[in-house]
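A.B. asks: no FASTA, just this:
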């Protein structure tokens with residue numbers, strides 16, 4: 001008799017695009033603690049290049065920090081074509097929300113907010129809220 005295959009070691013893949021190292025690293029650590037396969041990118045250009053090269057590694061959600069990020073028309077088109085849900089994070093007000101990429105914008109969060117609040121939004125958007133809550137208490 002053969003053993004059943006092991007389940008994957010991590011949950012849904014989430015990509016984080018944030019030019020600031022420490023916020024990106026803290027959010028990535030929080031998401032890994034919650035069971036996500038979280039990968040960080042300094043620029044949207046880097047994330048899009050990875051998406052083109054490794055379609056099998058397509059994320060379930062892309063977190064895009066709009067502060068300091070300019071989304072040009074080619075990037076907007078690439079995001080729309082990739083059809084990856086986007087969680088945008090901004091503190092710059094309505095102008096940044098208007099500059100958000102076209103395509104599957106799942107939600108927009110505005111600062112001030114905590115790393116936990118962003119991770120909670122990821123839970124909701126990836127339908128993992130109940131599984132994550134159960135895991136914390138067992």
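C.D. replies: Right, received. Where do you want to start? The structure displayed is predicted, hence computed values, not measured ones.

A.B. asks: Surely residue 59 touches residue 13?
C.D. replies: Yes: between residue 59 and residue 13 there is a contact under C-beta atoms under 8 Å: 4.5 Å. Backbone N, C-alpha and C define where each C-beta goes, glycine included.

A.B. asks: Mutual contacts of those two, please.
C.D. replies: residue 39 (C-beta atoms under 8 Å, 6 or more residues apart in numbering).

A.B. asks: The two: which has the busier surroundings?
C.D. replies: Higher neighbour count among residue 59 and residue 13: residue 59, with 23 against 17, using other C-beta atoms under 10 Å.

A.B. asks: Per-residue pLDDT of residue 92, please?
C.D. replies: If you check residue 92, the pLDDT there is 64.

A.B. asks: try residue 134
C.D. replies: 41.

A.B. asks: Could you pick out the longest helix of this structure?
C.D. replies: The longest helix of the chain (DSSP state H) is helix 21-33.

A.B. asks: chain center to that one, what's the gap?
C.D. replies: 11 Å (C-alpha atoms, centre = their mean, to the nearest Å).

A.B. asks: ditto for stretch 51-63
C.D. replies: That offset, for stretch 51-63, works out to 10 Å (C-alpha atoms, centre = their mean).

A.B. asks: next one: stretch 19-29
C.D. replies: Relative to its parent chain, stretch 19-29 has a centroid offset of 12 Å by C-alpha atoms, centre = their mean.

A.B. asks: buried residues in that stretch?
C.D. replies: Using 16 or more other C-beta atoms under 10 Å as the test for burial, stretch 19-29 gives 23, 24, 26, 27, 28.

A.B. asks: And the contacts of it?
C.D. replies: 16, 18, 38-40, 42-43, 63, 65, 68-69, 115, 118-119.
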